[in-house]
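Undergrad: one predicted model, sequence on top.
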Amino acid sequence: MSKAAEIDIASVSKIYGSTTAVHSISLKIPAGSYCCFLGPSGCGKTSTLRMIAGHESISSGDIRLGNTVVTDFPPAKRGTAMMFQSYALFPHLDLVDNVAFSLKMKGIERDERRAKALEMLKLMQMEAYSTRRPAQLSGGQQQRVALARALITDPEALLLDEPLSALDPFLKIRMRAELKKLQKTLGITFVHVTHSQEEAMALADLIVIMNNGRIEQAAKPRTVFEKPATAFVARFMGDHNVLSGRITAIGDGIVTLQVPEGQTFAVRDIAQEVGKPIDIGIRTDRVRLEPASERSLGLQGVVSNVEYRGASVRITVIGAGSDDFTVILSDADYFRKPVSVGEAVSLSWALEDVIPLGRLSA
Ligand SMILES: Nc1ncnc2c1ncn2[C@@H]1O[C@H](COP(=O)(O)OP(=O)(O)OP(=O)(O)O)[C@@H](O)[C@H]1O
């Protein structure tokens, strides 16, 4: 296998007619890393992947693979390989010919390309099926063949567009583990586009969260979860409450924040101006919840829903800075002091659990 290459995306934009799908993004994907592009539909992740692959022209900016600027190179000359969502296998060819196809296009003679194709099928544990056609395979097997076909060109980077979306939930989890293992075995750079937060968290060394054609955050999964950079990231990754408020007082390193309902609570000194609007995030599992009393500190609200989930209980509270302030308690904590729908509660948390969230400038 060839060596891995860093992918350097420098001020890259994609404009389709009057739509700017990607707004001058810059990102370095380290050589040999597993990178996941994550974001809602239409955020520009597939356009970015296709520009890396050379299947889409770059409207402005440059892409470098290792030391080579590949911006104007055709796909086959870039050192990348792409695996498509639908696998795009040829139905009339057997697996060996499917996998060997790109070598045939390069003019490599039959015996050599078939031997290489068998080697790739072996790598994917599919050599026993080599004379079958794609329709005679399960979804997971077809995916392995598509991987073998992409890897036969010895790419420095493998690009995967929603590779798991056609699989059922059980197979998805199994193939996810296989993809990760394959990436570690080959050591090449993987760039994987997905809608699924869970998939990105499970696979990536680097998660790139896109929204409206821009990168909101590019970081390790744990950083994205523990320190979401923006309100969008905190909401999109889930398991965070996002509160918007205004600063009403500053003193001793503590800021008082007022939420729309008029209630206030303390936050570490996160900004310097009274009156300034600010978003903060609080993890749903870091909130303490108690029946409200006159002495209660923190935000007050009313329980609107209680959902038992086995090991945990999910409680939704209204009137506390957000329409659906969510608290996740362990089953033990909940049943020690259960609350019910309609009950007034107070919500509190440690100062260090308040995450200041930035806003992207447009
Ligand atoms: N060929 C095209 N012509 C015109 N507009 C396009 C074209 N391809 C994509 N777009 C637009 O560019 C934006 C980004 O699309 P893109 O496919 O990159 O998003 P995505 O995040 O991959 O979405 P999805 O998850 O739905 O595939 C969207 O608004 C889309 O409608």
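TA: Here it is on my side, so go on.
Undergrad: write out the residues of the stretch 151-300 of the chain neighbouring the ligand.
TA: By the rule Cβ under 6 Å from any ligand atom, the part of the stretch 151-300 of the chain lying against the ligand is residue 195. For every residue, glycine as well, the C-beta is placed using N, CA and C.
Undergrad: and the helices in the stretch 151-300 of the chain?
TA: Assigned helices in the stretch 151-300 of the chain, in chain order: 169-186, 197-203, 221-226, 231-237 (criterion: DSSP state H, counting those that start in this stretch).
Undergrad: could you single out the most deeply buried of those helices?
TA: For these, average neighbour numbers computed from mean count of other Cβ atoms under 10 Å are highest in helix 231-237, which has a mean of 22.
Undergrad: which residues are contacting it?
TA: 38-40, 197, 209, 211, 216-217, 224-225, 228, 240, 242, 244, 279, 281, 355, 357, 359-360 (Cβ atoms under 8 Å, 6 or more residues apart in numbering).
Undergrad: quick one, domains of the chain?
TA: The chain breaks down by automatic domain parsing into domains covering 7-226, 239-352.
Undergrad: in which helix or strand would I find residue 62?
TA: Per DSSP states H and E: residue 62 is located in strand 60-65.
Undergrad: for that strand, buried residues please.
TA: Neighbour counts over strand 60-65 (16 or more other Cβ atoms under 10 Å) mark 61, 63, 64, 65 as buried.
Undergrad: check the offset of it from the chain's centre.
TA: Chain-centre distance of strand 60-65: 22 Å, with Cα atoms, centre = their mean, to the nearest Å.
Undergrad: with only the CA atoms kept, save that strand in CSV.
TA: Included here for strand 60-65 are C-alpha records, laid out as CSV according to Å, rounded to 0.1, in the frame of the first residue of the first chain:
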residue,chain,number,x,y,z
SER,A,60,-11.8,29.0,-5.9
GLY,A,61,-9.0,28.0,-3.6
ASP,A,62,-6.7,25.0,-3.8
ILE,A,63,-6.5,21.4,-2.6
ARG,A,64,-3.1,19.8,-1.9
LEU,A,65,-2.5,16.1,-1.4
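Undergrad: ends of stretch 26-41, what's the gap?
TA: With Cα to Cα, to the nearest Å applied, stretch 26-41 spans 20 Å between its terminal residues.
Undergrad: distance from it to the middle of the chain?
TA: When C-alpha coordinates are averaged (Cα atoms, centre = their mean), stretch 26-41 and its chain have centres 9 Å apart.
Undergrad: now do the buried residues in it.
TA: The neighbour-count criterion (16+ other Cβ under 10 Å) identifies 27, 29, 31, 32, 33, 34, 35, 36, 37, 38, 39 as the buried residues of stretch 26-41.
Undergrad: okay, these in a markdown table with distance to residue 5 and pLDDT next?
TA: Written out in a markdown table, the entries for those read as follows (distance: Cβ to Cβ, whole Å; pLDDT from 0 to 100):
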| residue | distance to residue 5 | pLDDT |
| --- | --- | --- |
| 27 | 14 | 97 |
| 29 | 9 | 97 |
| 31 | 6 | 95 |
| 32 | 9 | 95 |
| 33 | 11 | 96 |
| 34 | 14 | 97 |
| 35 | 12 | 98 |
| 36 | 18 | 98 |
| 37 | 17 | 98 |
| 38 | 22 | 97 |
| 39 | 24 | 95 |
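Undergrad: between helix 169-186 and the helix or strand containing residue 118, find me the angle.
TA: In the assignment (DSSP H and E), residue 118 maps to helix 110-123. Using axes from the mean of the first three to the mean of the last three Cα atoms, to 10 degrees, the inter-axis angle of helix 110-123 relative to helix 169-186 is 120 degrees.
Undergrad: need the contact list for the nearest residue to residue 201 once chain neighbours are set aside.
TA: The shortest distance from residue 201 to any residue other than its chain neighbours is 4.7 Å, reached at residue 221 (Cβ to Cβ, 6 or more residues apart in numbering). Each residue near residue 221 by Cβ under 8 Å, 6+ apart is listed here: 200, 201, 204, 207.
Undergrad: quick check: nearest residue in space to the residue positioned nearest the centre of the chain, chain neighbours excluded?
TA: The centre of the chain sits closest to residue 38, judged by Cα atoms, centre = their mean, with a distance of 3.3 Å. Take residue 38 and drop its neighbours on the chain: the residue closest to it by Cβ to Cβ, 6+ apart is residue 200, 4.4 Å away.
Undergrad: one step back: and the buried ones among the contacts of helix 231-237, selectable in PyMOL?
TA: Selecting the buried subset of the contacts of helix 231-237 in PyMOL, with 16+ other Cβ under 10 Å as the burial test, is done by:
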select buried, resi 38+39+197+209+211+216+217+224+225+228+240+242+279+281+355+357
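Undergrad: out of the contacts of helix 231-237, which sit inside strands?
TA: 38, 209, 211, 216, 217, 240, 242, 244, 279, 281, 355, 357 (DSSP state E).
Undergrad: show me the two of those residues that sit farthest apart.
TA: Across the ones in strands among the contacts of helix 231-237, the two members that end up farthest from each other (Cβ to Cβ) are 38 and 244, 23.4 Å apart.
Undergrad: before we move on, back to that, now, which of the contacts of residue 221 sits nearest residue 263?
TA: Within the contacts of residue 221, distances to residue 263 taken as Cβ to Cβ reach their minimum at residue 201, with 32.9 Å.
Undergrad: how near is the closest one to residue 226?
TA: Here the criterion is Cβ to Cβ, to the nearest Å. By it, residue 201 lies 12 Å from residue 226.
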